[in-house]
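> Provide a 3D model corresponding to the input given below.
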Amino acid sequence: GSGTRLWPLSRAMYPKQFIRFFNGQSASFLGAALGRLPAPEGFERPILLCNNDHRFLVREELERAGLEPRAIVLEPIARNTAPAIAVAALIALADNPDAVLAVMPSDHVIEDGAAFAKNIRRAAEVAATGKLVLFGIKPTEPHTGYGYIKRGAALAGFDGHAFAVESFAEKPDRATAERYLADGGYFWNSGIFALNAKTYLAEIERLEPKILAAARAALAGATEDLGFLRLDRAGFAASPNISIDYAVMEKTRAAAILPMDVGWNDVGSWSSLWDIAPRDDKGNFIKGEAVLEDTSDCYVHSERALVSTIGVNDLIIVNTPDALLVADKSRTQDVSKIVQRLKQSNRKEQEQHLRNYRPWGYFETLNIGPRFQVKLLHVKPGGMLSMQMHHHRSEHWIVVQGTAQVSIGEKEQLVRENESVYIFATQWHRLQNPGKVPVEIIEVQIGSYLGEDDIMRTDDIYHRQPEETK
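Model (predicted):
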């Protein structure tokens, strides 16, 4: 599932692509991926595929990277990689009949960006001959969490860089993984591809025609919404839910493998994050407030409170305002079991942080008691909440930073730092930030019912669906 293995930092509504895990890390994983193949160097503008929940987070990463995408395509329902790539291939072919797609997951880490770009160019040359190229990673250890690809004979004309694919192997057990490592002809399947768009669609049509039909219908019925391309729901939902590996790569004769060594990590667990983290001489990584005594080889990340440890090693400790994880570093693959259990018991800790991101900024729950709750609202410059009304609660807003423009009923006013307003239940109200600095407000809600769904809204500049709150 989305980001379950890096819980509690990663949540369904705020997955790992958007998190800055290390101190001073300016780019998130998605930001780094966006900058990997820059447009000035002959690469086209990126096509992004994401789901509706994350659309404004994706837009923000693009703005931060100063990038204008070719398209941000919203998937109305999750259908795995084969259909998503089919949609991207159709868009690319509309621009250029010889298009080659570089397909990258947005949550991988690649240390050597220059080597990566060079490998993509090499692979594009192979793909231009009608091939579907997989990137294989030279294994550094007998890893049991990855699929492996066995390379066959070298392809003529590519200086021994590219090979035929002999076979695919599922995630192996330890003994098999050790055999693969010793063999030298096996590579990790990175999930990164360079695809001849025309070949890909031809193979999809031959092997999984329903996917191509669904991708075409979803695009034909797509609507433009605030710069997002929203695929038609019924059209896309008709597609089988299947990965590119199962649908095409394991069956096609057009597959080729290009081995690369670029410092790749799919950051699939806390232990793989510890692997790439900058550590001190005792092997510890610390982010946030922590005091470690007689402690080694630990990953400690605290979002709020001070964490102190004594006499422990090989632990992952991740402390967020509403959830704490303490795990043996060798067991971090099992974090998804915890998330599964939280889901089953309908707990919100797997879904949201206390900080909830919205297109206008975010709000954070500071305190909840009987009949009241306290929140911090952070509104970006130019951000505007929908005009809204609550039946069961009144609200006090105290501005602690910036100047807010507040409408209550018919009345509009500017509310400055250290000023406050009161909104009683059933009054229509709206908050916006007309200024150049973020507005921060402490909101105290008082009433018999404080759920997020006690909201009627009109006139939302972000075109949110009724089920999306605030």
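> Only C-alpha atoms from now on, for both contacts and neighbour counts.
Noted.
> In the stretch 351-470 of the chain, where is pLDDT below threshold?
Within the stretch 351-470 of the chain, the stretches falling below the threshold (pLDDT under 70) are 466-470.
> Repeat that for the stretch 201-350 of the chain.
Within the stretch 201-350 of the chain, not a single segment meets pLDDT under 70.
> And the helices in it?
Under the criterion DSSP state H, counting those that start in this stretch, helices of the stretch 201-350 of the chain are mapped to 209-220, 233-237, 244, 270-276, 335-344.
> Turn those into TSV, columns for distance to residue 168 and mean neighbour count.
As requested, the helices of the stretch 201-350 of the chain are arranged in TSV below (distance: least, C-alpha to C-alpha, whole Å; neighbours: other C-alpha atoms under 10 Å):
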stretch	distance to residue 168	mean neighbour count
helix 209-220	22	21
helix 233-237	28	20
helix 244	13	19
helix 270-276	24	19
helix 335-344	26	15
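> Please name whichever of those helices is nearest to residue 159.
Among the helices of the stretch 201-350 of the chain, the nearest to residue 159 by C-alpha to C-alpha is helix 244 (27.4 Å).
> rewinding a little: adding distance to residue 327, write the helices of the stretch 201-350 of the chain out as JSON lines.
Compiled in JSON lines, the helices of the stretch 201-350 of the chain are given as follows (distance: least, C-alpha to C-alpha, whole Å):
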{"stretch": "helix 209-220", "distance to residue 327": "40"}
{"stretch": "helix 233-237", "distance to residue 327": "38"}
{"stretch": "helix 244", "distance to residue 327": "33"}
{"stretch": "helix 270-276", "distance to residue 327": "9"}
{"stretch": "helix 335-344", "distance to residue 327": "8"}
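> so where's the stretch 1-150 of the chain shaky on pLDDT?
Judged by pLDDT under 70, the stretch 1-150 of the chain has its weakly predicted residues at 1-3, 23-25.
> so which of the helices of the stretch 201-350 of the chain comes closest to residue 133?
Evaluated over those, closeness to residue 133 peaks at helix 244, with 12.0 Å, by C-alpha to C-alpha.
> Give me the packing partners of that closest one, helices and strands only.
Using 3 or more C-alpha pairs under 8 Å, 6 or more residues apart in numbering; DSSP states H and E as the contact criterion, the secondary-structure elements in contact with helix 244 are helix 81-95.
> centre of the chain versus the helix or strand immediately after the helix it packs on in the chain, how much separation?
With elements assigned by DSSP states H and E, the helix or strand that comes after helix 81-95 is strand 100-103. For strand 100-103, the separation from the chain centroid amounts to 19 Å (computed by C-alpha atoms, centre = their mean, to the nearest Å).
> Residue 116: which of the helices of the stretch 201-350 of the chain is closest?
Where these are weighed against each other on C-alpha to C-alpha, the nearest is helix 270-276, at 17.4 Å.
> So what touches that closest one?
Identification of contacts with helix 270-276 by C-alpha atoms under 8 Å, 6 or more residues apart in numbering yields 5-6, 265-267, 285, 298-299, 316, 329-330, 332.
> The helices of the stretch 201-350 of the chain: which one's closest to residue 182?
Nearest of the helices of the stretch 201-350 of the chain to residue 182, taken as C-alpha to C-alpha: helix 270-276 at 22.3 Å.
> Render the CA-only coordinates of that closest one in CSV, please.
The C-alpha atoms that make up helix 270-276 are tabulated as CSV, following Å, rounded to 0.1, in the frame of the first residue of the first chain:
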residue,chain,number,x,y,z
TRP,A,270,13.3,2.1,7.8
SER,A,271,16.4,-0.1,7.6
SER,A,272,17.0,1.0,4.0
LEU,A,273,16.6,4.6,5.1
TRP,A,274,19.2,4.0,7.8
ASP,A,275,21.5,2.6,5.1
ILE,A,276,21.6,5.9,3.2
